[in-house]
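S.K.: turn this into a structure:
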Amino acid sequence: MTRRWFIAFVCLAALLVAVAAVRSRRVSAFAHAHRSAESKAGAVIRLVKNPSPVPEFAARDLDGNTIKTADWPGKVTILTFWATWCPPCREEIPELIALQTQYANQLQIVGISMDDGPPEEVKRFAKKMGINYPIVMATDEIVAKFGSVPGLPTSFVIDREGKIVQKHVGLYPSSVYDNEVRALLGLPVDATIETFEDNGQVILANAAHATELPGVDFSKLSPQQEKAALKRMNAESCTCGCGLTIAQCRINDTACAVSEGLARQIVEEIAHGAAPAAQRSGK
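M.R.: Presented below is the predicted three-dimensional model:
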């Protein structure tokens, strides 16, 4: 290689290094700014401002001890519906164990097992995982008392007065529960606390108070017609087999095509002043 080509090669290499350094600094600056923006934005804690009392029930846990809702007031409670065969549930268990350990005297986690197998299998699984909170086996009565369990895990967050202030369906970061527990205990939190009306998102029975429903277009209706449509959707049952009203099914399962179709039919009938299909068929 001649001296001229060697110098050119060195210059090119130096240029590439300089460009890479500038690019690296820009990426680092962007990442820092992004993290700073996230830090300033902070987390948001959303709690129901019209919470309903937790439904009363009593059951035996896997060790034979009585677990009853009447004993929960005074502590924050997380009631989680789960199953041993559910991957997100298994992933969440170590986080719940850590929360129970951290807030041992102020928090009570209760697991409701949706397993179909014998309690002994669930107990062996719980022991293997090191679960440090009580577990009871689910019954149709317990599930019905909480409206529905649309997916696993489903967790209800209950304040120290025994009222349900939030529901989480699916796997959530442990920081979400940690912030909620701290807020409900009156401890400092690095988050903004917001409140919202429960119109069925948490307790399905409150769907009767909803003024809008997922996937339902009320725009062609007058206020009076919209009120009539909502009344029918809260009175008539969905035929998908869920056992819920049309309004409850739209909130509980937004992907349900049956409740969506029934709701759309009600809107069309009311918009055009038609009699309900059941009346037209003579039922």
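S.K.: give me the residues contacting stretch 58-70.
M.R.: 54-57, 110, 119, 122-123, 126, 134-137, 139, 142, 162 (C-beta atoms under 8 Å, 6 or more residues apart in numbering). Any C-beta I mention is one placed from the backbone N, CA and C, and that applies to glycine too.
S.K.: of those, which is the nearest to residue 93?
M.R.: Nearest to residue 93 among the contacts of stretch 58-70 is residue 126, at 8.9 Å by C-beta to C-beta.
S.K.: so what's the most centrally placed residue in the chain up against?
M.R.: Residue closest to the mean C-alpha point of the chain, counted by C-alpha atoms, centre = their mean, is residue 168 at 2.0 Å. Counting by C-beta under 8 Å, 6+ apart, residue 168 touches 153-155, 157, 176-177.
S.K.: just to revisit the earlier point, would you show me how to pick out the buried ones of the contacts of stretch 58-70 in PyMOL?
M.R.: Command for PyMOL that selects the buried part of the contacts of stretch 58-70, burial taken from 16 or more other C-beta atoms under 10 Å:
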select buried, resi 54+55+57+110+119+122+123+126+134+135+136+137+142+162
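S.K.: returning to that earlier point: just the ones of the contacts of residue 168 in helices?
M.R.: Taking DSSP state H, the ones among the contacts of residue 168 that sit in helices are 176-177.
S.K.: in a markdown table, list the contacts of residue 168 along with distance to residue 241 and pLDDT.
M.R.: A markdown table is the format used below for those (distance: C-beta to C-beta, whole Å; pLDDT from 0 to 100):
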| residue | distance to residue 241 | pLDDT |
| --- | --- | --- |
| 153 | 23 | 95 |
| 154 | 19 | 95 |
| 155 | 25 | 97 |
| 157 | 29 | 98 |
| 176 | 32 | 96 |
| 177 | 32 | 97 |
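S.K.: redo the contacts of residue 168 as a markdown table? Include distance to residue 183 and neighbour count.
M.R.: Shown next, in a markdown table, are these (distance: C-beta to C-beta, whole Å; neighbours: other C-beta atoms under 10 Å):
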| residue | distance to residue 183 | neighbour count |
| --- | --- | --- |
| 153 | 21 | 25 |
| 154 | 21 | 21 |
| 155 | 16 | 24 |
| 157 | 10 | 25 |
| 176 | 11 | 19 |
| 177 | 11 | 24 |
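S.K.: name the element the residue nearest to the centre of the chain belongs to?
M.R.: Element membership for residue 168 (DSSP states H and E) is strand 163-169.
S.K.: ok so, going back, bridged to the residue nearest to the centre of the chain, which residues?
M.R.: residue 155 (DSSP bridges).
S.K.: distance of it from residue 177?
M.R.: For residue 168, the distance to residue 177 (C-beta to C-beta, to the nearest Å) stands at 8 Å.
S.K.: any common contacting residues for these two?
M.R.: 155, 157.
S.K.: mind listing the strands for the stretch 101-250 of the chain?
M.R.: 107-113, 135-137, 154-158, 163-169, 191-196 (DSSP state E, counting those that start in this stretch).
S.K.: show me where the stretch 51-200 of the chain dips below the pLDDT cut-off.
M.R.: 148 (pLDDT under 70).
S.K.: quick one: the helices in it?
M.R.: With DSSP state H, counting those that start in this stretch, the ranges of helices along the stretch 51-200 of the chain come out as 87-102, 119-129, 140-145, 174-185.
S.K.: what's the closest of those to residue 222?
M.R.: That would be helix 140-145 among the helices of the stretch 51-200 of the chain, by C-beta to C-beta, at 36.2 Å.
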